[in-house]
Every structure is written in C-alpha cells, then in structure tokens.
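Trainee: predicted coordinates and the sequence they were generated for:
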Amino acid sequence: GAVVSQHPSWVICKSGTSVKIECRSLDFQATTMFWYRQFPKQSLMLMATSNEGSKATYEQGVEKDKFLINHASLTLSTLTVTSAHPEDSSFYICSASSTSGNPYEQYFGPGTRLTVT
Amino acid sequence: ELKVEQNPLFLSMQEGKNYTIYCNYSTTSDRLYWYRQDPGKSLESLFVLLSNGAVKQEGRLMASLDTKARLSTLHITAAVHDLSATYFCAVDFYGGATNKLIFGTGTLLAVQP
C-alpha cells in the first residue's frame, strides 16, 4: 500500500520550453503533496507543499511563477517547470501524506530526472 | 535557521564491521525518519521514529531517537556490501501551515568486501 507514481520518469527538453511532471497517489487519498528537488550528490530540498484545492506554499527562494504547482484532486498533483533552463536540470521527487494512517509520514514517488539542453 | 546535520558525510567501511551514523537537528521535533537512497533512485523508507527514546531495528540496521539531545543514530551491525547507499535522516517540522520534512546532509556509505 501507499504507492506514489510519477510521470515521466525522465525527460529531456530544450531551453525555454515548459515541462509538466505528474505525481499520483495510486492506492490512497493524499491530504498533502510535496515537491522536492535534488541536485547531484546533494540532499533533498523542499520546493513547495500543496493541499488539494488550495494554492501551493512555496519555500523561500523558490520562484512560484517558474514552478507552477496544481493539486487538482486528492490523488494528483502536477509540477510545471516553465521556461526551463539548464540550471533547472535536476531530480524532482514528489511525496504524499495520507488522509488515514500516520498523517506525518510521507510516501515518496520514484522521481523524475529533468535534463534541459 | 533549521539545520539537520549528519556525521559523517562519507563512510567507507569493511564488511563485518560496525558503525554509527549521527543525525543532529537544531529545532524541537518528536518525529524523525531515516531513508535509504540508491544511485539514480528515489527514497526508501527505513525507520519512522515518533517519540523520545524510540528504538527500531530491521536486520543489520538499528535507529534511535533522543529528542532532548536532538539526536538520532543509525547503527550498522556487521556491514555487508548490499548496505552501500546514501542514508538520509529527516526531521518533521511544523512550518506554520503544515508539517514538512527537513532533510539531513546525507551519509554516503560504501561497504568494501
């Protein structure tokens, strides 16, 4: 149980284009979804927190106009990287917390590797 | 500023040896998590520690939490090569609107035959 999927698993895009990453909770309803970014050999950095039907809360230093987050349902959140640049190349990981069970535990998706050329 | 620091950052050890990874954090929290990450992969949950004095064991790994000292440890017993990975601790922190995880710096563990 508590499976989170991400699509795509990897994507290559050209500089200046936008790319959308989907995060789905497959077998549970997610109260809250989180988006992280991880650069090579570094730790995970929280980008934003989103609740279904509400605007996302972005961490300090994360451009909300560049990283658009939509949490349209209790099982789906999307992250759109707009006007991507090479410095946006990273490993993006989402997680979700369940409406039942331990509300503080996050279940992590498999990640999406973004390469901007 | 909330900080979560791990020590050491890199650990090379021989199979069969024991070692401990330390996780120190700078704010009050009663919940701490340990994760494993293999190269190119996402996180695998290892332990969920939800109170002071919590101790959990799974195979060759044992984790503990001392909330008063703001310290968690991950002890490795008789290491085997399969344990080679990066290990992260993460502290649950209430950010005013919702709880969120703040991750430690990570410890890259390399177990040599």
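Mentor: Ah, there it is. Numbers count the residues shown, from 1 in each chain, chains lettered A, B, ... in the order given.

Trainee: contacting residues for the residue nearest to the spatial centre of chain A?
Mentor: In chain A, the centroid-proximal residue (C-alpha atoms, centre = their mean) is A:Trp35; its distance is 3.5 Å. A:Trp35 sits next to A:Cys23, A:Leu46, A:Met47, A:Ala48, A:Ser50, A:Phe67, A:Ile69, A:Ser77, A:Leu79, A:Tyr92, A:Ile93, A:Cys94 when contact means C-beta atoms under 8 Å, 6 or more residues apart in numbering or on different chains. Yep, even glycine has a C-beta here, placed from its N, CA and C like the rest.

Trainee: may I ask which helix or strand of chain B has the lowest mean pLDDT?
Mentor: Taking mean pLDDT, DSSP states H and E as the measure, chain B has strand B:99-103 as its least confident helix or strand, at a mean of 90.

Trainee: what pairs with the helix or strand just after that one, parallel or antiparallel?
Mentor: Next helix or strand after strand B:99-103 toward the C-terminus (DSSP states H and E): strand B:107-112. Neighbouring strands of strand B:107-112 in its sheet, by DSSP bridges, are strand B:10-14 (parallel), strand B:85-94 (antiparallel).

Trainee: TSV for the ones you listed, including mean neighbour count?
Mentor: Output for the strands paired with strand B:107-112, formatted as TSV (neighbours: other C-beta atoms under 10 Å in any protein chain shown):
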stretch	mean neighbour count
strand B:10-14	13
strand B:85-94	22
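
Trainee: if anything else comes up later, I'll come back, but that's it for now.
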